[in-house]
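A.B. asks: Give me coordinates for this.
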Amino acid sequence: QVQLSESGGGLAQAGGSLMLSCVAPETSFSTYIMGWFRQAPGKEREFVAARAWSSVETAYQESVKGRFTISRDNAKNTVYLQMNRLKAEDTAVYYCAAGPNLSRDPLRYPYWGQGTQVTVSS
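C.D. replies: Just a heads-up that it's a prediction; the model follows:
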């Protein structure tokens, strides 16, 4: 079972910033779409952002556009989620995922990390 590894979660104040990182275990992931999802207590897992390794193709959830940026470092097999101007409603467990196609549907991503908690205080 391939496991992605996230880091960078924590506590931030509203208006602050955090950056999440996700390391993919092998270079074969260079052909995969890398995505970030989040799940708040009592809610379904929702799409946040996704990016192809080998192109600039990206997608964002409407509520994070202009605040969050997904980027990657191919040499390090790492994808990042820079989160600025955080809001209390961004509080959730954030998951990194990898899949063959850019999709907002979590079911389209076969590989997942363990999740990292992001808590934004208002």
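A.B. asks: Where does pLDDT dip in this protein?
C.D. replies: 1-2, 27-28 (pLDDT under 70).
A.B. asks: residue ranges for the strands of it, please.
C.D. replies: Using DSSP state E, the strands of the chain run over 5-7, 10-13, 18-23, 33-39, 46-52, 58-60, 68-73, 78-83, 92-99, 111-112, 116-121.
A.B. asks: Now tabulate those in JSON lines and tack on distance to D105.
C.D. replies: Just so you know, the C-beta spots here come from the backbone N, C-alpha and C atoms, and that holds for glycine as well. Shown next, in JSON lines, are these (distance: least, C-beta to C-beta, whole Å):
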{"stretch": "strand 5-7", "distance to D105": "20"}
{"stretch": "strand 10-13", "distance to D105": "28"}
{"stretch": "strand 18-23", "distance to D105": "19"}
{"stretch": "strand 33-39", "distance to D105": "10"}
{"stretch": "strand 46-52", "distance to D105": "8"}
{"stretch": "strand 58-60", "distance to D105": "12"}
{"stretch": "strand 68-73", "distance to D105": "17"}
{"stretch": "strand 78-83", "distance to D105": "18"}
{"stretch": "strand 92-99", "distance to D105": "9"}
{"stretch": "strand 111-112", "distance to D105": "14"}
{"stretch": "strand 116-121", "distance to D105": "21"}
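A.B. asks: what would these look like in TSV with mean neighbour count?
C.D. replies: Below are the strands of the chain laid out as TSV (neighbours: other C-beta atoms under 10 Å):
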stretch	mean neighbour count
strand 5-7	16
strand 10-13	13
strand 18-23	20
strand 33-39	24
strand 46-52	21
strand 58-60	17
strand 68-73	17
strand 78-83	22
strand 92-99	23
strand 111-112	18
strand 116-121	17
